[in-house]
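Asker: Build the 3D model from these lines:
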Amino acid sequence: MTAVDHLTPLTEASYYILISLVEPLHGYGIMQKVEALTGGRVTIGPGTLYGALGNLEAAGLIRRCPEADGGDRRKAYVLTERGRRVAAAEIARLEEMAGHGRRLLRSGGVGDGR
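Answerer: Down below sits the predicted model:
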């Protein structure tokens, strides 16, 4: 078990929020980036966004980026090094899962009970 294992798997919303913060963004910018990145398949509402931001910040995966804040209420966030490691671990986990699925679908299954 690695130091980041207990932080994965991420929810889909948390995953997209996390990877969108490779550059500092405020909440609305995050929502726009996730929607653009996924072609509109994933949309994150304010309640989900701000709950996830609080959880990701508490876990040390993102941090406030005051130098990029936009005005009175626009708080910007950015990925931490720990967040980068968790994102990389999550990507590896998802790639492994996708590989297993591709392999089984190509082969017709292994021990599928037929």
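Asker: Show the backbone phi and psi for G40.
Answerer: The phi/psi pair for G40 (degrees, to the nearest 10) reads phi 90, psi 0.
Asker: Starting from Y50, give me the distance back to it.
Answerer: Applying C-beta to C-beta, to the nearest Å, the value for G40 to Y50 is 21 Å. To be clear about C-beta, it is placed using only N, CA and C from the backbone, and glycine gets the same treatment.
Asker: Compare the two (neighbour count), which wins?
Answerer: Y50 (13 against 9; other C-beta atoms under 10 Å).
Asker: thought that one was touching G27?
Answerer: Yes - if you go by C-beta atoms under 8 Å, Y50 and G27 touch, sitting 6.8 Å apart.
Asker: which stretches of this protein form helices?
Answerer: Here the chain has its helices, by DSSP state H, at 12-20, 27-37, 46-58, 81-107.
Asker: Give me the below-cutoff pLDDT ranges for this structure.
Answerer: The chain contains residues with pLDDT under 70 at 1-5, 70-72, 109-114.
Asker: switch to 90 and redo it
Answerer: 1-8, 66-74, 107-114 (pLDDT under 90).
Asker: tell me the centre residue of it?
Answerer: Residue closest to the average C-alpha location in the chain (C-alpha atoms, centre = their mean): Y15, at 1.4 Å.
Asker: where's that residue relative to R84, distance?
Answerer: 13 Å.
Asker: next one: G108
Answerer: The gap separating G108 from R84 is 38 Å, by C-beta to C-beta.
Asker: Same check on R64?
Answerer: Applying C-beta to C-beta to R64 and R84 gives a distance of 17 Å.
Asker: my guess is A87 meets L18, correct?
Answerer: Yes - the pair A87 / L18 is scored as a contact, 5.2 Å apart, by C-beta under 8 Å.
Asker: Can you work out which residues contact both of the two?
Answerer: Residues touching both A87 and L18 (C-beta atoms under 8 Å, 6 or more residues apart in numbering) are L79.
Asker: neighbours of P46, just the number please.
Answerer: P46 has 10 nearby residues by other C-beta under 10 Å.
Asker: R84 too?
Answerer: 15.
Asker: how near is it to A59?
Answerer: For R84, the distance to A59 (C-beta to C-beta) stands at 13 Å.
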